[in-house]
Structure formats: C-alpha cells, structure tokens
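Next come a sequence and a model predicted from it.
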Protein chains: 2
Amino acid sequence: MAQHKSGHVTLLDVAKACELSVSTVSIVLSEAPLSQNVAPATRQKVREAAKRLGYHPDAYARSLRRRRSHTIGVLAYDLSDPFCVPLVQGIQNGVEPENYLPLLMDAQTKRELFDRYMKMILEQRAEGLIVIASWVFEETNLLADLEKNHVPIVILGRDLTHRKIGSLMVDNELGGMLAMRYLLELGHRRIAVIRGPQEMVDSEPRWAGIRRAAEAAGVKINPKLVFQLPGLANPLSGFEGGVEIAQKLLASRQTFSAVVAFDDLTALGVMRGLRGANIKVPEDCSIIGFDDVMPAALSTPGITTIRQPLEEMGLRAAKWCTDAIRAHESGKSHPVELWNSVPELIERGSTVRWTE
Amino acid sequence: MAQHKSGHVTLLDVAKACELSVSTVSIVLSEAPLSQNVAPATRQKVREAAKRLGYHPDAYARSLRRRRSHTIGVLAYDLSDPFCVPLVQGIQNGVEPENYLPLLMDAQTKRELFDRYMKMILEQRAEGLIVIASWVFEETNLLADLEKNHVPIVILGRDLTHRKIGSLMVDNELGGMLAMRYLLELGHRRIAVIRGPQEMVDSEPRWAGIRRAAEAAGVKINPKLVFQLPGLANPLSGFEGGVEIAQKLLASRQTFSAVVAFDDLTALGVMRGLRGANIKVPEDCSIIGFDDVMPAALSTPGITTIRQPLEEMGLRAAKWCTDAIRAHESGKSHPVELWNSVPELIERGSTVRWTE
DNA sequence: AACCCTTATTCAAACGTTTGAACCTCTTGA
DNA sequence: TCAAGAGGTTCAAACGTTTGAATAAGGGTT
C-alpha cells in the first residue's frame, strides 16, 4: 500500500485513492468545522479509503502546523520506587480526559538520564511538565530553558513555589502526628523513632509532628531511641537502612515496644532486622510506616501506615498543569501555589494494643 | 526572548541574533558534515547565541524533515505490577545508547487505554514497538495497521512468533522444575501446588516442569494439594488468590509442608493466609514463588523464588528492536525469533530443610 | 587570463499537515 | 438577466527543520 519513502500512509495517498484534494481529505478526517460543507457521500468515501489504507495522521506534521504538541512531560526520579507508580497513574488519569499524551520518563535516579530526558521534553515541545520529587531537579540548568520556553511546571513531593513552580506535598507534619498519636493511643510508651535522611525535605516536618503528638500526650521521647537514616542512594536503601537501624536498636539494649519508621520500606527493613533477634511483629513490637506503598500491604503482617493519597495527588498535579496550559493559552496567568494533601492512617497487622 | 507565536525559540531567532542564514545555523547546531567548512569563529558565535537564547531544536520539525522519529513505543499492560518496572528499565537502558526515545505508555490493564496508546504510538511514528505481555494485544485490530506501516514489534512474556512478532519469554518449564526440585532436595514430600490461571500461557509449562521434577524424584503429587488461581483481573488478584487458596488448603485438612506458588504475589498471599491459622513460614511450611519481584525481597521472611532476569530481558528486547529497525532501513529483513531466557533459583528465608 | 579548487555561506525545496481565502456551479429571488 | 447566496471543493501558504545544489570570493596553477 504505502509506497512512500517514509513507509507511511499520508493524506496524499488517501487523496489519490478517492480522487480528491489533500485539503478535502484533511478537512474530513480531522473533523474541521468546514467538514459540514463536505457532501456526506464524500465524507463516507474518504473515511473508508483512510481505514482501508490504514492511514493515521502524522503527529509530527500535525503538531508542527498546529503549533501544539498536546503533550505533557512526566519525569519520575525512579519508577522502581513503588512510590512513583501510583503518582504516575494518577497523572495519566488526569491528563487523559483532557486529551494530552503523557510523555513518561524514568530517570532511574541517574543524573545524566534526568538531564537527557529533560532536554527531550523540551525538544518534544511538551506543553507542561510534571516532575516527581527529584532532588536533582533544583540543580539542573535546563530549568531556566524551560522557563524561557514558557512551560508550566508542577512538582510532586517538594515545595518549589519560591521558584514559581506549582508544588504538591502531603502534610508531613500531620502524618507524623497521626502515626505517633496512634501508637500512643494503643498504649505504647517506649517508642523508637527513625527519622528520614537529612537531605529529604519530608524528614523534618514528620519528626516535628511526632514530637507534637508526644508532647500532647505528655510523653517524653527517649533520645536514645531516636535514629536517623543515612542518605538514600537508591529505592532500596530505605529497606537496608531499616535493617541496620533495627540492629543498632537491639544493640543499644534499650527497651521499646514500638517503632515509627520514616517510610514503609524502612518499616519493612526494621521488621526484617528484628526477626534476626527473634522479636516478633506485632506481638513483641509494633511498627508503623509512612506512604502506603504496595509492598507494605503485601507483607505479613501488613504494615500499618500513614497513607499518602498518591493517585489523587497525581490527578491534581495533572489538573493544575492542564489548567495552567489553558490559562497561558488565553494570555492569563495561573497562580503558583503549594497544596498539602491530607494523609490518612491505615490500620494493618503490624501494630497492636500494648499494656506494660 | 522568544517573541514567537508558538512561544518557542527557533532557528530563525538564532540566525537573526548572529546575522547569518537559517541554513548555516542549522548546519552548525546539528553538526552536519558541512559544518567542517564553517569558519570556527562562526561556529562559536552560533553556539553561543543558541545557548544564550535557550534554543532547542523542535523535534517535530526535525523528525518531519528527516523522516525519522527516533522513537520506540513501549507499551506496558500495567506499571503497578512490580513485574513491569524492571522490564521497562531494561528496555530503557537498551534503547538509550542507540539514541532512541522510549515512548513509555501504561495501559493500566484497561482495554480502551491500550487501544488509545497504540493509536498514539502509530501517530507518533514510533519506529518500533515493544509490548509487555498483554493478553489484549493479540486481539487489537491496530496490529494490522502497525504491520501496514512496517513497524517492527517485540513482545515480552508471550510467544507470538506465528504472527511475525519477535518474542521473549522465560523458560517456564525449567523454572517450574527448579522450584519443585529445590523443595524436594530440602526433604519436602507433601507439597501443595498453586497453578496459574488457565488463560495465562505461563501456567501450563510451569506445571509441566513441576511434574517433571516430581517424577524425576519418584515423588507423587497429591491431587488434593493442587489448586488453581482464578483469572487475574488486576495486579493484586494474585495476592488475593493466594490468601483464598491458603484458606482452602487449610480447610481441606490435608497435611503439607511446602507450597509452590504460581508467582511471588501468590506466595505472599499464601503467607498471609497461613498466618491466620497460626502456621509459621518457614518453620511449619515452606513457600516458594516465581518472578522475583520487589515485594518478594522485602517481606519477612524473604520469599525464596525463581528469578526471571527481567532487566536483561528488557535489554534484549530493546536490542532486537533497534536491530530490526536498522535492518529494515537498509532493506534487509530481520529474523523473527523466540528467545527463552534462563531462570535462576534465589534462596531466601521462606524455605527450610524438612525432616518428617 | 582562463581554469579549477577550496572555503564559507546561502537558496530553495521538501517533509505532511492545516486553514483562510478563493474558486466554481447551482439555485433562488428580484 | 443579473446579483446574491449556498454548497462543495481546491489553492497556496505556513509551521521549523534539513540538505543538495548554487553562489561567491579568494588563491593557485597553467
């Protein structure tokens, strides 16, 4: 069929096949307003020919001419972090009804890849960009180019409003508070805390929330039971960190009946670490995580956790992005804001009521 | 800077800025062969202007003119299945050095989405397509259009060589055999088996491998200990199936000391199900899974499993795809084959030596 | 002084669409 | 008989690149 150099069926092929001009065919197939004036018989003929030949409009030619790519870049720092996937799916579901194509890229926690993909997003003329919480992001010099090209940007999991970037985060302080309060309500008093790594913005507010809950209950947190995760090199280092800290915790010979872990993977790590000393979860020690990623639900016992509404956050990010594009189109400006979404306690088997 | 309608910086902008023609600028920036003849001073000037203005070539215009998109479609049936991500990352790593842009799409096990994305891949003029094991794929009528447009296709996790589609699978029979043999070697004799759902191609060969191992050891499999997963509606139904089957297994009052689960999520489900009856893994019952997905490594105890070399498989799929594109370009044909990759036993805590 | 070669740059056509304007051919009403 | 309108279709320019061919200016060689 397609005797073209490119090997693709073009409008011209269809036009020839039904002995019409390219214009008419284009008008019919793209359902332009003018297509009302095209005789129904012609319309039919064109559509049939197109289907028969297997014609699909060339997005490149179309976007070039229309000066719109109908594309939104989605840059995830690492898809193998189970945290990313629900966000991505939320984003997808958010842009799909608006007829945007999500240009999904996975930087695999590699700096070079991140920059490479960022450049591609620019070259592909993405009309917006949604970034999933990457620490690299702030440093990239391509950011300036994005701004020069007037691409609206949203970031999930960081606050970059000071750089005119829409930002979405979970209310970490509230989350930390919920976690701690729950353990206290269950009757735990000697509670170990694993703080997040220094360089993560989430660490501090979660810790603040934990202290607030303790204060509110009039309970002192034993400083010897407070630990800190080292930096996160890859998606699994949270788990490994958890294992190690559990061992340190045991070595410290302090007594404790519960652990607030920085996130779910850390919680899973702690569970593994405690197992080595034959300490059973939840009978001997309760554990609570944060995020509610998939592996937390699949382990036995399931990890009680503070859920981030990830799909919903992705959806909102997508919404903001498409709104910003629309606003920019019609010359208006779109407000850059910081949204906090509300975390929620999910009770599972890793926590249990405690009486000394 | 960019006073264009499109809001983007174009070659023309750069050309004006350094008082040269568009051609010269293009030649310099795209490092065309002719750029040798361009005076070094001019080159320098052009590069600087481009950088200063934040110029990035328009992929649409470029692809249109070059008649190449340098893009490969990657269609995953559901990213929230932890099975997909390592494959995707392997594919990424495979196409990246060849300078292709992976167009990653996640069908979220939804038929409409699958078709939608397939159409987009066609319209985006992807030069190749890599599909991750989707049962929907065989049915789609867009397949014919892909063929009309001469797009080479590879599929991971299915054998579609009869439809001229390169196929990559793990050696399921070998995998099943490895799993069963390992349990037998550990001394287990009363082994329950959870077969995969009927509609999955992997189910039958794994079961065959399991039987082969049993026969080789002269051990009979008790039919009352053989179960079958119902169809998989979503990535989590393996887990839920596992929980239910564990309950049925307990209700059957048969004695058993080990379970071969169809995959890791099923294994995790079984672990959860047994817990309800206070049966401990691995002390009272060993469990072995299949795939080696992330949650299997994170649970406590870790799930012993048969590993599929997913990253490597993704890499090979990518390699085949880029090779096929190259071949097609130079008019040659590329052989359509079926590759089997070799699974590997990963020993973790969920299995243990058994003596009656 | 005519020739060719080299170096440095530009012309202009093409890629496959879309779309405002133009073009026909009827019909209708004055 | 003519103008106005409507219905149906096409013209041609444009989007931002790339690239084969053309141009121009200098510098040897004969």
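Cool, the structure landed. Note that this is a predicted model, so its numbers are computed, not measured.

switch to C-alpha atoms for all contacts and neighbour counts from now on
Fine.

element containing the residue in chain A positioned nearest to DNA strand D?
With CA to the nearest atom of the strand, the shortest gap between chain A and DNA strand D falls at A:Arg65, namely 3.0 Å. Per DSSP states H and E, A:Arg65 falls inside helix A:59-66.

For the next helix or strand after that helix, C-alpha coordinates in PDB please.
Next along the chain after helix A:59-66, taking DSSP H and E as the criterion, comes strand A:71-76. C-alpha atoms of strand A:71-76 as PDB (Å, rounded to 0.1, in the frame of the first residue of the first chain):
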ATOM      1  CA  THR A  71       1.900  16.500  25.200                       C
ATOM      2  CA  ILE A  72       2.800  16.800  28.800                       C
ATOM      3  CA  GLY A  73       6.200  15.600  30.100                       C
ATOM      4  CA  VAL A  74       6.200  13.400  33.200                       C
ATOM      5  CA  LEU A  75       9.500  12.900  34.800                       C
ATOM      6  CA  ALA A  76       9.800  10.400  37.600                       C
END
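
pretty sure A:Lys148 is touching B:Arg52, no?
No: judged on CA atoms under 8 Å, A:Lys148 makes no contact with B:Arg52 at a distance of 10.4 Å.

When those two are compared, which one has more neighbours?
Between A:Lys148 and B:Arg52, counting by other CA atoms under 10 Å in any protein chain shown, A:Lys148 is the more crowded of the two (17 against 12).

Quick check: chain neighbours aside, which residue is closest to that one?
Of all residues not flanking A:Lys148 in the chain, B:Gly54 sits nearest, at 6.8 Å (CA to CA, 6 or more residues apart in numbering or on different chains).

same check, this time on A:Asp264
In space, A:Asp264 is closest to A:Gly289, 4.4 Å off (CA to CA, 6+ apart).

Give me the helices and strands touching the helix or strand that neighbour falls within, please.
Assessed by DSSP H and E, A:Gly289 sits inside strand A:286-291. Under the contact criterion of 3 or more CA pairs under 8 Å, 6 or more residues apart in numbering or on different chains; DSSP states H and E, strand A:286-291 touches helix A:172-185, strand A:258-260, helix A:264-276, strand A:304-307.

So for B:Ala267, which of those sits nearest?
helix A:264-276 (17.1 Å; CA to CA).

Give me the mean pLDDT for that closest one.
The pLDDT scores in helix A:264-276 average 97.

Also stretch A:9-22?
The average pLDDT for stretch A:9-22 rounds to 94.

residues in contact with A:Glu337?
A:Glu337 makes contact with A:Thr161, A:Ile165, A:Gly166, A:Ser167, according to CA atoms under 8 Å, 6 or more residues apart in numbering or on different chains.

So which of the residues you listed belong to strands?
The strands, defined by DSSP state E, take in A:Gly166, A:Ser167 from the contacts of A:Glu337.

Just the buried ones from the contacts of A:Glu337?
Buried members of those, counted by 16 or more other CA atoms under 10 Å in any protein chain shown: A:Ile165, A:Gly166, A:Ser167.

Please list the residues of the stretch 201-350 of chain A that sit near chain B.
The interface of the stretch 201-350 of chain A toward chain B, taken as CA under 8 Å from any CA of the partner chain, is made up of A:239, A:265, A:268-269, A:271-272, A:275, A:294-295, A:298-301.

Neighbours of the residue of chain A closest to DNA strand D, how many?
12.

returning to that earlier point: make CSV from the contacts of A:Glu337 and add pLDDT and distance to B:Glu215 to it.
Converted to CSV, the contacts of A:Glu337 look like this (pLDDT from 0 to 100; distance: CA to CA, whole Å):
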residue, pLDDT, distance to B:Glu215
A:Thr161, 90, 66
A:Ile165, 89, 64
A:Gly166, 92, 63
A:Ser167, 94, 60
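
which intervals of chain A have sub-threshold pLDDT?
Low-confidence segments of chain A (pLDDT under 70): A:1-6, A:134-140.

all strands of it, in order?
Going by DSSP E, chain A shows strands at A:71-76, A:101-106, A:128-132, A:153-156, A:166-170, A:191-195, A:226-228, A:258-260, A:286-291, A:304-307, A:338-341, A:344-346.

Which residues of chain A lie near DNA strand C?
With CA under 7 Å from any atom of the strand as the criterion, chain A comes near DNA strand C at residues A:4-6, A:8-12, A:22-24, A:26-27, A:29-30, A:32, A:55-58, A:61-62, A:64-66.

And these, which of them are buried?
Members of the residues of chain A next to DNA strand C classed as buried by 16+ other CA under 10 Å are A:6, A:8-12, A:24, A:26-27, A:29, A:55-58, A:61, A:64.

which stretches of the stretch 1-150 of chain A form helices?
For the stretch 1-150 of chain A, applying DSSP state H, counting those that start in this stretch gives helices covering A:11-17, A:22-29, A:40-53, A:59-66, A:84-95, A:111-123, A:142-148.

now for those helices, which one comes closest to B:Thr109?
helix A:84-95 (11.5 Å).

Only C-alpha atoms, please: export the closest one in CSV.
C-alpha atoms of helix A:84-95 as CSV (Å, rounded to 0.1, in the frame of the first residue of the first chain):
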residue,chain,number,x,y,z
CYS,A,84,6.2,6.7,41.9
VAL,A,85,3.8,4.4,40.1
PRO,A,86,0.6,5.4,41.8
LEU,A,87,1.5,9.0,41.2
VAL,A,88,2.2,8.3,37.6
GLN,A,89,-1.1,6.5,37.2
GLY,A,90,-2.9,9.4,38.8
ILE,A,91,-1.2,11.8,36.4
GLN,A,92,-2.2,9.6,33.5
ASN,A,93,-5.8,9.5,34.5
GLY,A,94,-5.7,13.3,35.0
VAL,A,95,-4.3,14.2,31.6
